[in-house]
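Enquirer: here's a sequence, model it:
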Amino acid sequence: MENRVALIGIIVSDRTAAEKMNAILHEYGDYIIGRMGVPYKKRGISIISIALDAPADVISALSGKLGALQNVSTKTVYTKTPNDEE
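Expert: Presented below is the predicted three-dimensional model:
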């Protein structure tokens with residue numbers, strides 16, 4: 001299966017989910033291009049973006065595992081790269 005480039009947007013509404021979330025992200029570390037997190041203190045949430053280059057099933061599995069965590073919401077966006085159109 002070919003790799004896809006994707007972005008997983010994550011909103012964490014309770015910091016107690018951070019340890020489990022980081023453990024899951026560590027499992028998929030080979031696929032992660034980069035990660036950015038922004039604490040939004042006014043609302044008491046954290047906003048995190050994860051850029052990936054991985055097979056679609058791996059991206060889906062990661063997003064599903066993260067979204068299954070209590071107080072964690074995710075949304076995944078895939079892109080078509082020039083190589084995808086061949």
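Enquirer: show me where the chain has its strands.
Expert: 3-12, 32-40, 45-55, 72-79 (DSSP state E).
Enquirer: buried ones in the shortest one, by neighbour count?
Expert: With burial defined by 16 or more other CB atoms under 10 Å, the residues of strand 72-79 counted as buried are 72, 74, 76. Any C-beta I mention is one placed from the backbone N, CA and C, and that applies to glycine too.
Enquirer: looking at the strands of the chain, which is closest to residue 20?
Expert: strand 72-79 (8.5 Å; CB to CB).
Enquirer: what lines up beside the closest one in the sheet?
Expert: strand 3-12 (antiparallel) (DSSP bridges).
Enquirer: alpha carbons of the partner strand, as CSV, please.
Expert: Provided in CSV are the C-alpha atoms of strand 3-12 (Å, rounded to 0.1, in the frame of the first residue of the first chain):
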residue,chain,number,x,y,z
ASN,A,3,2.0,6.1,1.7
ARG,A,4,-0.3,9.2,2.0
VAL,A,5,0.5,12.5,3.5
ALA,A,6,-2.1,13.5,6.2
LEU,A,7,-2.7,15.8,9.0
ILE,A,8,-4.4,14.8,12.2
GLY,A,9,-5.9,17.6,14.2
ILE,A,10,-6.4,16.9,17.9
ILE,A,11,-8.2,18.7,20.6
VAL,A,12,-7.5,17.6,24.2
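Enquirer: buried stuff in that strand?
Expert: Using 16+ other CB under 10 Å as the test for burial, strand 3-12 gives 3, 4, 5, 6, 7, 8, 10, 12.
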